[in-house]
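> sequence first, predicted model second:
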Amino acid sequence: MDSCTLYLDASGDTGWVHPFGKSKTEWYVLAGLVLTPEADLKAHRETSKILAKYVPEEVRAKFPDKMYELHYLDIIRGQRLFSHLKQEELKALADEVFNLLLELKPVLFATAINKIQLKRVYGHNAHIPNRLAMRATIGRFSIYLQRENLIGSVTYDAEEYRKDKNLQEMILGFRRFGIVLTGENYRPRMDDNLGNLLNTINMASSETSPGIQLADFCSRAVWQHFEHCKSNRFNQISALGDRGYEPSIVPAKTRWIK
């Protein structure tokens with residue numbers, strides 16, 4: 001069987017919006033890119049070339065190694081590693097990354113959670129957005145693996161994983177307790193035991209993983225589409241979605257409460 005890897009990254013915070021909390025963002029997005037080993041290798045080579053082109057050694061030397069990575073928000077704002085670039089150079093850099101995404105032809109998965117509607121629909125039973133998004137996205141990836149007869153693995157940003165102990169415990173329990181949630185009270189079921197998924201989830205530092213860096217561009221593009229109605233980058237990558245059904249909006253708009 002052939003293999004592939006789902007690289008995950010998120011945009012937006014997990015806090016609740018007024019009147020349920022103090023967050024100022026309505027949407028939380030978890031996005032993932034499925035790369036074959038060949039596409040993965042190309043991603044490593046090409047992202048290194050892009051970084052070397054726009055960040056000369058004298059600039060790189062001013063920053064710790066952990067900051068030497070493609071980070072879309074830093075590019076948008078022209079900050080940190082990219083603060084020396086002019087506006088037209090920042091756009092050209094982003095253009096190259098999105099063109100690379102299209103060349104790699106990954107499969108895109110994304111779960112976009114409207115936090116206001118999640119609370120209105122489920123009230124006190126509403127799951128924390130990042131945990132719900134993780135369940136939903138890995139669940140659909142597992143279905144994709146079975147449909148395409150593939151063996152897969154999942155890689156997530158180690159720093160984000162360390163921040164949330166409850167997320168860690170939830171992920172460890174996927175195979176034992178089930179991943180698919182059903183019903184008003186989110187009852188897990190064991191229909192999908194993740195049989196085609198190696199391990200459950202692997203951790204990597206984003207600066208060492210071009211796959212996570214590219215997933216960052218996708219998650220930010222999807223988040224900007226929903227949060228700010230800025231859709232130019234989203235429109236570039238939307239055709240990469242699995243069977244045209246991505247991103248998945250949670251809760252489904254048919255359940256929204258005004």
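That came in fine, so what should we check first? Model, not experiment: these values are computed from the prediction.

> make sure I have this right: residue 154 is in a helix.
No - assigned with DSSP: H, G, I helix; E, B strand; the rest coil, residue 154 falls outside any helix and is strand.

> run through the bridge partners of it.
Beta-bridge partners recorded for residue 154 (DSSP bridges): residue 6.

> can you tell me which residues contact it?
Applying CB atoms under 8 Å, 6 or more residues apart in numbering, we find residue 154 in contact with 5, 6, 8, 32, 138, 141, 197, 199, 200, 201, 202. Yep, even glycine has a C-beta here, placed from its N, CA and C like the rest.

> of all those, the one with the weakest confidence?
In terms of pLDDT, residue 200 ranks lowest among those, with 68.

> please pick the buried ones from the contacts of residue 154.
Among the contacts of residue 154, those buried by neighbour count (16 or more other CB atoms under 10 Å) are 5, 6, 8, 32, 138, 141, 197, 201.

> considering the residues you listed, which is situated nearest to residue 67?
residue 8 (20.6 Å; CB to CB).

> what's the separation between that closest one and residue 209?
Counting by CB to CB, to the nearest Å, the gap from residue 8 to residue 209 is 10 Å.

> mutual contacts of those two, please.
Taking CB under 8 Å, 6+ apart as the criterion, residue 8 and residue 209 both touch 155, 157.

> want to throw the buried ones among the contacts of residue 154 into CSV with secondary structure and distance to residue 93?
Shown next, in CSV, are the buried ones among the contacts of residue 154 (DSSP: H, G, I helix; E, B strand; the rest coil; distance: CB to CB, whole Å):
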residue, secondary structure, distance to residue 93
5, strand, 25
6, strand, 25
8, strand, 23
32, strand, 23
138, helix, 31
141, helix, 29
197, strand, 34
201, coil, 30
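
> per-residue pLDDT, the nearest residue to residue 195 once chain neighbours are set aside?
Spatial nearest neighbour of residue 195, excluding adjacent residues (CB to CB, 6 or more residues apart in numbering): residue 146 at 7.4 Å. As predicted, residue 146 sits at a pLDDT of 92.

> can you classify residue 146 by secondary structure?
At residue 146 the chain is in helix, as set by three-state DSSP.

> how many other residues sit next to it?
Applying other CB atoms under 10 Å, we find 14 residues neighbouring residue 146.

> how about residue 249?
Residues contacting residue 249 under the criterion other CB under 10 Å number 16.

> give me the number of residues near the residue lying closest to residue 204 once chain neighbours are set aside?
Of all residues not flanking residue 204 in the chain, residue 155 sits nearest, at 5.2 Å (CB to CB, 6+ apart). For residue 155, the count of nearby residues is 22 (other CB under 10 Å).
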